[in-house]
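Peer 1: Just the structure for this:
(2 chains)
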Amino acid sequence: MNAGASPRKGGESQRLLAIDPDANQAFERTVGDLPELLNPGDVVVLNDAATIPASLRVRTTSGRSHELRLAGPPRAGRWPAVLFGEGDWRIDTDRRPAPDVVRAGERLVLDDGTSLRIVSVSDWSPRLLTVHFDRSDAEVWPLLYRLGRPVQYAYVPQAVALPQVQTSYAGRPWAVEMPSAGRPLTWLLLFALRRRGVAIVALTHAAGLSATGDPLLDARLPLRERYEIPVATVAAIDAALDHGHRVLAVGTSVVRALEGNAAANAGVLVPGPGETDLILGPTFSPRIVAGVLSGVHEPGSSHHALLGAFAPADLLARAHAHAVATDLRIHEFGDSTLVLPGIAARQRALAA
Amino acid sequence: MELSNRVAVITGASRGLGLALAHVLARRGVAVALVARTAEPLERAVVSIRAAGGTAEGIVADVGDPEAAHRIAAQVQATLGRPSILVHNASTLGPVPLRLLADTEPAALVQALAVNVVGPFALTRALLGALVLGDGGVVVNVSSDAAVEAYPTWGAYSAGKAALDHLTRIWAAELADTGVRVFAVDPSEMDTQMHADAIPDADRSALADPADIAERIVAMIADASAAPSGARLLASRWEVAA
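Peer 2: Numbers count the residues shown, from 1 in each chain, chains lettered A, B, ... in the order given. Just a heads-up that it's a prediction; the model follows:
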């Protein structure tokens, strides 16, 4: 399948692969049809994490140039990070030279001469680090925005700029890669959903890195990720569930936050901060989320496996065949998939 | 709007009306993000608010730089949380001494519009998620009577303020029913550095004290539902609530 290779915003005209597990049907619409496909009372949950310019050029003690990718938001000034060998995004992460083997206490020097300290090296991978900038958070943020750039993608020929990896509703800078399911959601669409009677609420989920260049570490992705669910979001979801309405998660990160939270709290949502390492697949029964808006994913990817929690394998296979036959685009800047029960009936009503 | 525990962003906050607004909001329990171009006076302003018991963060940025909006939005939300009050107070007179439009270089007008119109637009847009998805919000665009009156030599400044007034109305129309209210506020003539730059020989005793105007504007923000969103308000006619 082909990737969406230009860093576009998408918008209402973006193609939407719609999958209704109850009707056992897949069909194609556009993202702009979302208000028509949803019902009054449904709740759409966004991940409002803004994308951090998480990629930094650093030199190790040997003097060799490396790329350091921050892997999540800081905790008490300490950032999780992954060290990549020399080279930029034009070389696939799997084909980069290995990074230097570094130790706790070593320093990594940034382009402007300031340095950061390696606090620890993970047992999981010699390139998974915890780093500290040796300065206050208030000083680190301006530094990041001056020296950092967004994580780049080998399949996008041109450099991706920070505004191109922000959703229109981005808030707290917690994501190290764009929560891309929400990329096509314009304010025009969000307001149209509200006029339809659909509640639009948000949580913040620290979407992590999609690749580390280390096959053993990649096999553990997604790593444990932080999230925070506001009180008002839990209230809106609980009210919808009480009345038999559907909760649509925008992005797998929202599914992980909501289902991870519920799984940790005996099936009910508890507002506030949390962490999840929940990995969803065909055997997982969601308790909160009825469906998901996501990108177009290839079988074998973790995102595609997550769709298996919402639709049977044969239906996903039929939808995938349509995606291949009609050249739907995959990855961060590609087209969209909607898996949600009940949408085939809306589609028939609209067509009639 | 209940002010305590809210987060506010104030541009042009290292002096004059912006600094006064930051102090008044901080006294009312609002965590304030102060945005200004120059680090040293900004740091002094932040220290003065913290010394008075307030919560404040300083963000060095030029609102005339269109790339600054994402960074300001990120830094506010990383350090203080989701803002619900946004005061676009930073502005530039354009070339001083003030000069006729006929003597104004096009580049000088572009620069003035970048600070006075595009900057407030870009920052409002960058913070729209926080405002719309949060628990209500108020955006204040600091205007001027020059937005309405045609004063010779004030062209570069006035055209931007008139545009800002109209942006206020369009934002208000587009954000109707979102819980976000947008106002243009004419603060009246105040005894500030900007006023001295514009009219060096003014009688300062006739000018309003920015601290007094700040009290009035904060009273407006606290009572934002009293005025229709999109309205142009006069600070001089707003009574400070007891």
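Peer 1: In chain B, which residue sits nearest chain A?
Peer 2: B:Gly129 (3.3 Å; C-beta to the nearest C-beta). The way it works is simple: take the backbone N, C-alpha and C, and place the C-beta from them, glycine included.
Peer 1: secondary structure element for that residue?
Peer 2: If you go by DSSP states H and E, B:Gly129 is part of helix B:128-133.
Peer 1: what about the closest residue to A:Leu188 other than its chain neighbours, which helix or strand?
Peer 2: Counting by C-beta to C-beta, 6 or more residues apart in numbering or on different chains, A:Glu12 is the residue found nearest to A:Leu188 once chain neighbours are left out, at 6.8 Å. Remark: A:Glu12 resides in no helix or strand, with elements defined by DSSP H and E.
Peer 1: mind checking how far the residue of the stretch 151-300 of chain A found nearest chain B is from B:Leu127?
Peer 2: In the stretch 151-300 of chain A, the residue found nearest to chain B is A:Tyr169; the distance is 3.3 Å by C-beta to the nearest C-beta. Applying C-beta to C-beta, to the nearest Å, the value for A:Tyr169 to B:Leu127 is 10 Å.
Peer 1: ditto for A:Tyr227
Peer 2: For A:Tyr227, the distance to B:Leu127 under the criterion C-beta to C-beta works out to 21 Å.
Peer 1: For the residue nearest to A:Leu188, grab the count of nearby residues.
Peer 2: Applying other C-beta atoms under 10 Å in any protein chain shown, we find 16 other residues in the vicinity of A:Glu12.
Peer 1: Let's see the pLDDT reported for it.
Peer 2: What the model reports as pLDDT for A:Glu12 is 93.
Peer 1: pLDDT value on residue 108, please?
Peer 2: Assuming you mean chain A. We have a pLDDT of 97 for A:Leu108.
Peer 1: try again with chain B
Peer 2: Reading off the per-residue confidence, B:Ala108 sits at a pLDDT of 96.
Peer 1: so what's it up against?
Peer 2: Contacts were defined as C-beta atoms under 8 Å, 6 or more residues apart in numbering or on different chains; by that measure B:Ala108 touches B:Gly94, B:Pro95, B:Ala156.
Peer 1: Need phi/psi at the nearest residue to A:Arg107 once chain neighbours are set aside.
Peer 2: Counting by C-beta to C-beta, 6+ apart, A:Ser115 is the residue found nearest to A:Arg107 once chain neighbours are left out, at 4.4 Å. Main-chain torsions, A:Ser115, degrees, to the nearest 10: phi -130, psi 160.
Peer 1: For A:Ser115, give me the pLDDT.
Peer 2: So A:Ser115 comes in at 93 (pLDDT).
Peer 1: For it, give me its contacts.
Peer 2: Neighbour list for A:Ser115: A:Arg107, A:Leu108, A:Val109, A:Asp134 [criterion: C-beta under 8 Å, 6+ apart].
Peer 1: On the C-terminal side of the lowest-mean-pLDDT helix or strand in chain B, identify the next helix or strand.
Peer 2: Within chain B, judged by mean pLDDT, DSSP states H and E, the helix or strand with the poorest mean is helix B:193-198; its value is a mean of 91. Tracing the chain C-terminally past helix B:193-198 and defining elements by DSSP H and E, one meets helix B:210-222 next.
Peer 1: Can you name every helix or strand that that next one contacts?
Peer 2: With contacts defined as 3 or more C-beta pairs under 8 Å, 6 or more residues apart in numbering or on different chains; DSSP states H and E, the packing partners of helix B:210-222 are helix B:16-27, strand B:137-142, strand B:180-186.
Peer 1: what angle sits between it and helix B:16-27?
Peer 2: For helix B:210-222 and helix B:16-27, the angle between their directions (axes from the mean of the first three to the mean of the last three C-alpha atoms, to 10 degrees) works out to 60 degrees.
Peer 1: any idea of the pLDDT on B:Ala241?
Peer 2: Model confidence at B:Ala241, given as pLDDT, is 44.
Peer 1: and the host helix or strand of A:Ala18, which strands flank it?
Peer 2: Applying DSSP H and E as the criterion places A:Ala18 in strand A:15-20. The sheet places strand A:15-20 alongside strand A:25-30 (antiparallel), strand A:336-339 (parallel), with pairing taken from DSSP bridges.
Peer 1: tell me which residues of whichever helix or strand comes after the shortest one are tucked away?
Peer 2: The one in question is strand A:336-339. Scanning the chain past strand A:336-339 towards its C-terminal end, the next helix or strand to appear is helix A:343-351 (assignment: DSSP H and E). Of the residues in helix A:343-351, those buried by neighbour count under the rule 16 or more other C-beta atoms under 10 Å in any protein chain shown are A:Ile343, A:Ala344, A:Arg346, A:Gln347.
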